[in-house]
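1. sequence plus predicted model, see below.
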Amino acid sequence: MRLFSTELDMDSLCANLSAFDKICSGTREGGGIAQLDITERFRWLTAVRSTCIQTSVARLGFSDDLDATFEVLYNELVV
């Protein structure tokens with residue numbers, strides 16, 4: 001991450017990632033959003049206007065070969 005920003009606040013990044021983890025897990029420490037049902041938590045975490053950690057668009061689908069699909073998507077969307 002430091003390759004993208006030399007001014008990156010690692011403590012803030014870690015705190016935001018920890019919040020995502022707590023919300024995903026539905027733990028009490030995740031606050032009110034973590035208490036929502038799993039569908040609502042997913043929608044909240046993948047919201048385009050999220051202000052803490054910007055996630056990419058959720059892509060739905062099926063695959064018989066996850067490794068190959070990951071490689072294709074990685075090359076299309078990241079590289």
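-> Yep, it's here.
2. residue 23: how many residues sit nearby?
-> Residue 23 has 21 neighbouring residues, counting by other Cβ atoms under 10 Å. (Glycine included, C-beta is placed from N, CA and C.)
3. for residue 48, see how far away it is.
-> Separation of residue 23 from residue 48 (Cβ to Cβ, to the nearest Å): 17 Å.
4. please name the nearest non-neighbouring residue to residue 35.
-> Spatial nearest neighbour of residue 35, chain neighbours left out: residue 26 (7.1 Å); criterion: Cβ to Cβ, 6 or more residues apart in numbering.
5. residues contacting the one you found?
-> Residues near residue 26 by Cβ atoms under 8 Å, 6 or more residues apart in numbering: 34-35, 38, 41.
6. nearest to residue 63, of these?
-> Of all the contacts of residue 26, residue 63 sits closest to residue 38, with 21.7 Å by Cβ to Cβ.
7. ok, the closest one to residue 71 distance?
-> Noted for residue 38: a distance of 28 Å to residue 71, by Cβ to Cβ.
8. swap in residue 36?
-> From residue 36 over to residue 71 (counting by Cβ to Cβ), the distance is 34 Å.
9. which of these two has more neighbours?
-> residue 36 (15 against 11).
10. fine, thanks again, bye for now.
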